[in-house]
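Asker: Here is the input, now give the coordinates:
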Amino acid sequence: MSAPRQSIAIVGAGIVGIATAALLSEVGHTVTVIDRTGIAEETSRGNAAALAFSDIMPLASPKTMLKAPKWLLDPLGPLSIRPSYLPQLAPWLWQFCKASLPSRFEASVTTQSDLMRLAEKEMMALVDRAGMGGRIRHDGSLELYESEAQFRASTSGWKRRADAGIAFEHVRGQRLEELQPGLSPRFVAGTFVPVWKTVSEPQAFAKALWTHAERNGATFEKAQVIALEHNGTRPSLRLANGSSREADRVVICAGAWSTRLLRTFTKLRIPLETERGYNTTLPQGAFDVKRQLIFGSHGFVITPLETGVRVGGAVEFAGLDLLPNYARSKAMLDKAADFLPGLKTGGGTEWMGYRPSLPDTLPVIGALPEHPSVLLGFGNGHLGLTQSAAMGRLIADLVDGHTPSIDIAACRPDRF
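Answerer: Down below sits the predicted model:
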């Protein structure tokens, strides 16, 4: 028996909100997505385009704890914290340290692995139903190492991926050159992951997925939600223009802004931060990049898109309000020019986005304990695009009263 049709209001038109709308509308729910700007106009507009289903290793890990002090000494390195923001970030950092303990890390790997398997299954099925197969690149990824020591340091992580059934190939010499011609000779080895995928262009992909949701009845309203309320029987959203929108269920998929909506509605405090990511998108013809190139020790990637070449990544903790520091984009672009001799670095467009991040690298999925009609789906960090269809499927299961297909206890909203 199918679940009763419900009215669902989704706050946030990023990729997680879009995928959730698509899956809920497919089964007949009346879905309205509300966002202050538009479809995929913010963080989902400029991401690195990866469907990183093999990326099961949490950022919160013993290895990160060892590397972090060195990284933090470089203000333009893979991980930085604005000094003025450190006092505000301190509680989150304490939770991050606890999540990096070996026992917590192992539990996070297990949940992340389950999420990624579901994410791949649901995304590829959704892409097929939406007729979007041509927007997926199946080129794999190539992670690169500048020394034998760097390569050896990566092997424990690759063993964990092998244990999870993820295929990869360590490469050198001619094979490395075949996978990406024109690399600097500084790279002594690489790891090719054939199952890694990218989308042709992130915003175009998200908008095409939204078109599928619209075909199934989903609607969009451009408005700023300023408060979440409850009238005693149903949740409602108060908008900046003074009006309200009621629904049977409200789903919060507002990324890094999600907890701002929850502050006056619930006593629950979720330690959400933002990994500010920077990139530069170069015009077509900047370099013949064959697949996504990953420079793990430098914290950034280079991605071929239908619109050009995107150079970006890294993590900056500075909250939602401080101005961007585009020197980070320039630093990555300078490194990219060293790594790909001949890269044309002119004519690029710089961008910064806010990745919603929780200390244990896992998202929040579930109902608010005191308001079961309000569901939360956010906090995927740099894996929002990758995990979006899994988030949508799990939210849809909860709306319909089904047991989720994977154990999401580690993602419950009150775990902190």
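
Asker: buried residues in the lowest-mean-pLDDT helix or strand in the chain?
Answerer: Within the chain, no helix or strand scores below helix 62-72, which has a mean of 78 by mean pLDDT, DSSP states H and E. Across helix 62-72, burial judged by 16 or more other CB atoms under 10 Å covers 64, 67-68, 71. Every residue, glycine included, has its C-beta placed from N, CA and C.

Asker: and Thr37, how many residues sit next to it?
Answerer: Neighbours of Thr37 under the rule other CB atoms under 10 Å: 12.

Asker: Then Pro91?
Answerer: Residues near Pro91, counting by other CB under 10 Å: 14.

Asker: isn't it right up against Pro271?
Answerer: Yes - shown here, Pro91 and Pro271 form a contact pair, counting by CB atoms under 8 Å, at 6.4 Å.

Asker: circling back: return the member of the buried residues of helix 62-72 nearest to Pro356.
Answerer: Closest approach to Pro356 among those (CB to CB): Thr64, at 18.3 Å.

Asker: so what's the closest one closest to, chain neighbours aside?
Answerer: Ser100 (6.4 Å; CB to CB, 6 or more residues apart in numbering).

Asker: State the pLDDT value of the one you found.
Answerer: pLDDT for Ser100: 91.

Asker: again, but for Met1
Answerer: 45.

Asker: buried ones in stretch 17-37?
Answerer: 17-26, 29-36.

Asker: Of those, which belong to strands?
Answerer: Judged by DSSP state E, strands contain the following of the buried residues of stretch 17-37: 30-35.

Asker: just those now: which is nearest Glu122?
Answerer: Distances from Glu122 to these, taken by CB to CB, are shortest for Val31, at 17.0 Å.

Asker: who does the longest helix seen in the chain touch, helix- and strand-wise?
Answerer: The longest helix of the chain (DSSP state H) is helix 102-129. Using 3 or more CB pairs under 8 Å, 6 or more residues apart in numbering; DSSP states H and E, the elements in contact with helix 102-129 are helix 15-26, helix 86-99, helix 202-215, helix 384-399.

Asker: Among those helices, show the one with the smallest mean pLDDT.
Answerer: Within the helices and strands packed on helix 102-129, the stretch with the lowest mean pLDDT is helix 86-99, showing a mean of 92.

Asker: Name the residues that touch that helix?
Answerer: Helix 86-99 has contacts (CB atoms under 8 Å, 6 or more residues apart in numbering) with 58, 60, 65, 81, 104-105, 108, 271, 273, 317, 319, 359-361, 416.

Asker: Kindly report the same for stretch 38-49.
Answerer: 13-15, 18, 35, 198-203, 205-207, 210, 220, 222, 255-256, 277, 279, 281, 292, 301, 303, 305, 310, 312-313, 351-356, 382, 384-385.

Asker: does the nearest residue to Ile408 once chain neighbours are set aside sit in a helix, a strand or a coil?
Answerer: Closest residue to Ile408 apart from its sequence neighbours, by CB to CB, 6+ apart: Ile365 at 5.0 Å. Classification of Ile365 using DSSP: H, G, I helix; E, B strand; the rest coil returns strand.

Asker: Ile365 touches Leu394, doesn't it?
Answerer: Yes - counting by CB under 8 Å, Ile365 touches Leu394, with 5.2 Å between them.

Asker: where do the strands sit along the stretch 151-300 of the chain?
Answerer: Taking DSSP state E, counting those that start in this stretch to define them, one finds strands in the stretch 151-300 of the chain at 169-171, 189-193, 197-199, 219-222, 225-230, 235-239, 244-246, 249-252, 273-282, 292-295, 300-305.

Asker: In PyMOL, select just the buried ones from the contacts of stretch 38-49.
Answerer: Restricted to buried positions by 16+ other CB under 10 Å, the PyMOL selection for the contacts of stretch 38-49 reads:
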select buried, resi 13+14+15+18+35+198+199+200+201+202+203+205+206+207+210+220+255+256+277+279+281+292+301+303+305+310+312+313+351+352+353+354+355+356+382+384+385
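
Asker: hang on, the earlier thing: wait, which of the strands of the stretch 151-300 of the chain is closest to Phe265?
Answerer: Here strand 225-230 is closest among these (CB to CB), at 4.3 Å.

Asker: Pairing partners for that closest one, with directions?
Answerer: strand 235-239 (antiparallel) (DSSP bridges).

Asker: got the angle between the strand it pairs with and strand 30-35?
Answerer: 40 degrees (axes from the mean of the first three to the mean of the last three CA atoms, to 10 degrees).

Asker: which parts of stretch 249-264 are buried?
Answerer: 249-259, 261-262.

Asker: how close does Thr233 sit to Ala52?
Answerer: 41 Å (CB to CB, to the nearest Å).

Asker: Of these two, give the one with the bigger neighbour count.
Answerer: More crowded of Thr233 and Ala52, by other CB under 10 Å: Ala52, with 24 against 9.
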